[in-house]
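K.L.:
structure of the sequence below:
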Amino acid sequence: MRLNNLRKTKHPLMTSLLLGAAALGAQPSLATEIAIACGSGDAADYCPTVAKEWAEKTGNDVKVVSTPNATTEKLSLFQQLLNSQSSDVDVMMIDIVWPGMLAKHLIDLSQYLPEDASEGFFPELIDNNTVDGRLVAMPWYTDAGMLYYRTDLLEKHGHAVPETWEELTRIATQVQAAERQAGNEDFWGYSFQGRAYEGLTTNALEWIASHGGGTIIDSDGKVTIDNPQAAKALDRAAAWIGTISPEGTLNHTEEKTRGIFQSGNALFLRNWPYVWALANGEGSEVAGKIGMAPLPHGPNGESAATLGGWNFAVSRYSEHPELAAELVEYITARDQQKDHALAMGMNPTIESLYQDEEVLDRNPAMSDLYETLTHGVTRPATVTGDAYARVSNAFFNATHRVLSGDLEGAAAVAQLQSQLERLGRRAW
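P.N.:
Residues are numbered from 1 along each chain as shown. So this is what the prediction gives:
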């Protein structure tokens, strides 16, 4: 590593992480080294594999930089690196809501990649990664909010999969009562992420967008949250707390809600696609008894799923931007995305892979996911740039107050409108 540069940064966490990087695909002689910061979990397992393939094919070296598991800590590390204009990391794996925050520190990939490089990807993801006309990241894998349900219990009690939030509420109420009467006092109708954090932003955006209430802030930067549809969506969700959803929902995150559903104590669950394999895995109480469908919608809206996922970007302080961009192009290409889907079950960002027989044979649920992804909703991160964290914080805190019974929906969206407009005048 470039030790002199590291000493200049004076960031102990950064120094220890970079010094702990593992070299892959090492080549002798005059090979150029590209440092890549992969993700964690499945992403960390596979990103180095593909990077090593590229190194072996091109005769270059790659160095995989260790990063924290927690998303907020990872973002903090990247911001330290970029703000110090460090050249120690060339390629970074970034969250879907980071392009706007980091854009000024990232190269325009369209200046280095072929003109058709973005063709075939979900347009919403390319748009999300385009800031002020600059393509600052290429999509790697994606996620979207989904509705999980117990197929056995819907059949037992004579119900179809709900298409509207009203239907979900009614069915959840009836089945919950019946299952409790049958002896399961811990059974609930609906489990979702209600803690005051980014996960609540994704849930509440789905409620509001599916009621025709917009996306908090539109693509032009105009705050749109104060409308009757948004207020109604929040009030509906608040009515679930203590009725079809436990009071503890106010502190539930993804894994807690998965645990409730996977232990057999919920009829419906809102979560990400990763749950499918786990809920059908060995030791799961509901294995072979679950289905996955698009989230419900309001009376005058359409199903809306908040998009998640990760992307690859190149630091503008890289000493080798051309090679770094070439590595990004290689990792996110169709063949590598297919391998990622086959090996790890991760959801591709290239549309045609959802019709690939080999991919679908290995991951049957992807055929159901495709329709949801084509109607995915992005958080207003790109348009708000550096201010997104404050926007999301204001949104999920206001939503949490409604869920907690401290505010009515109409009052919450009116207050939020004023708060975000003030923030927008200063920040975007």
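K.L.:
which regions of this protein lie under the pLDDT threshold?
P.N.:
1-30, 40-45, 427 (pLDDT under 70).
K.L.:
residues in contact with the residue positioned nearest the centre of the chain?
P.N.:
The residue lying closest to the centre of the chain (Cα atoms, centre = their mean) is Gly308, at 2.0 Å. By Cβ atoms under 8 Å, 6 or more residues apart in numbering, the residues touching Gly308 are 96, 142-145, 202, 272. C-beta here means a position set from N, CA and C on the backbone, and glycine is covered the same way.
K.L.:
need phi/psi at Ala313.
P.N.:
phi -130, psi 160 (degrees, to the nearest 10).
K.L.:
in the stretch 101-250 of the chain, which spans are helices?
P.N.:
For the stretch 101-250 of the chain, helices defined by DSSP state H, counting those that start in this stretch occupy the ranges 123-128, 151-157, 165-181, 198-210, 228-240.
K.L.:
contacts for the shortest one?
P.N.:
The set of residues that contact helix 123-128 without belonging to it, under Cβ under 8 Å, 6+ apart, is 96, 99, 118, 135, 139, 142, 307, 309, 311, 349, 376, 378, 381-382.
K.L.:
so the residue nearest to the centre of the chain sits in a helix?
P.N.:
No. Assessed with DSSP: H, G, I helix; E, B strand; the rest coil, Gly308 is strand; it does not lie in a helix.
K.L.:
quick one: list the elements packing against the longest helix anywhere in the chain.
P.N.:
Counting by DSSP state H, the longest helix found in the chain is helix 409-427. Where contact means 3 or more Cβ pairs under 8 Å, 6 or more residues apart in numbering; DSSP states H and E, helix 409-427 is packed against helix 228-240, helix 388-403.
K.L.:
report the angle between the axes of the helix or strand just after the first one and helix 198-210?
P.N.:
If I follow you right, that is helix 228-240. For helix 228-240, the following helix or strand on the C-terminal side (DSSP states H and E) is helix 254-262. In terms of direction (axes from the mean of the first three to the mean of the last three Cα atoms, to 10 degrees), helix 254-262 departs from helix 198-210 by 70 degrees.
K.L.:
report the distance from helix 254-262 to the chain centre.
P.N.:
Centre-to-centre, helix 254-262 and its host chain are 17 Å apart (Cα atoms, centre = their mean, to the nearest Å).
K.L.:
next one: stretch 376-387
P.N.:
12 Å.
K.L.:
burial check on the nearest residue to Trp276 once chain neighbours are set aside, number of neighbours?
P.N.:
Of all residues not flanking Trp276 in the chain, Ala365 sits nearest, at 4.9 Å (Cβ to Cβ, 6 or more residues apart in numbering). The tally of other residues near Ala365 (other Cβ atoms under 10 Å) stands at 17.
K.L.:
again, but for Gly242
P.N.:
Neighbour tally, Gly242, other Cβ under 10 Å: 12.
K.L.:
if I look at it, how far off is Trp188?
P.N.:
Remark: distance between Gly242 and Trp188 (Cβ to Cβ, to the nearest Å) = 10 Å.
K.L.:
circling back to that earlier point, out of the helices and strands packed on helix 409-427, nearest to Asn60?
P.N.:
helix 388-403 (34.4 Å; Cβ to Cβ).
K.L.:
what packs against the closest one?
P.N.:
Counting by 3+ Cβ pairs under 8 Å, 6+ apart, helix 388-403 packs on helix 99-102, helix 198-210, helix 228-240, helix 409-427.
K.L.:
which residues touch the third one?
P.N.:
With contact meaning Cβ under 8 Å, 6+ apart, helix 228-240 is reached by 165, 169, 190, 192, 203-204, 207-208, 210-214, 249, 298, 300-301, 399, 402-403, 405, 408-410, 412-413.
K.L.:
one more time with 7 Å
P.N.:
The contact list for helix 228-240 (Cβ atoms under 7 Å, 6 or more residues apart in numbering) reads 165, 190, 204, 207-208, 211-214, 298, 399, 402-403, 405, 408-410, 412-413.
K.L.:
the longest one now?
P.N.:
For helix 409-427, the external contacting residues (Cβ under 7 Å, 6+ apart) are 217, 221, 223, 225-226, 230-232, 234-235, 386-387, 390-391, 394-395, 398, 401-402.
K.L.:
which residues sit in contact with the residue nearest to Arg180 when sequence neighbours are not counted?
P.N.:
Nearest non-adjacent residue to Arg180, counting by Cβ to Cβ, 6+ apart: Phe187, 5.6 Å away. Neighbour list for Phe187: 176, 179-180, 265 [criterion: Cβ under 7 Å, 6+ apart].
K.L.:
try 8 Å this time
P.N.:
176, 179-180, 265-267.
K.L.:
and Phe312, by the same measure?
P.N.:
If you count contacts by Cβ under 8 Å, 6+ apart, then Phe312 has 91-94, 137-138, 140, 328, 331-332 around it.
K.L.:
what's the closest of those residues to Glu255?
P.N.:
Nearest member of those to Glu255, counting by Cβ to Cβ, is Met93, at 21.6 Å.
K.L.:
okay, and the closest one sits in which element?
P.N.:
With DSSP H and E as the test, Met93 turns up in strand 91-95.
K.L.:
which secondary structure elements does that strand contact?
P.N.:
strand 33-37, helix 71-83, strand 305-314, helix 321-332.
K.L.:
sheet partners, orientation included, of it?
P.N.:
Strand 91-95 has its sheet partners listed here by DSSP bridges as strand 33-37 (parallel), strand 305-314 (antiparallel).
K.L.:
nearest to Ala51, of the helices and strands packed on helix 409-427?
P.N.:
Among those, helix 388-403 comes nearest to Ala51, with 28.5 Å by Cβ to Cβ.
K.L.:
since that was my last question, I'll sign off now.
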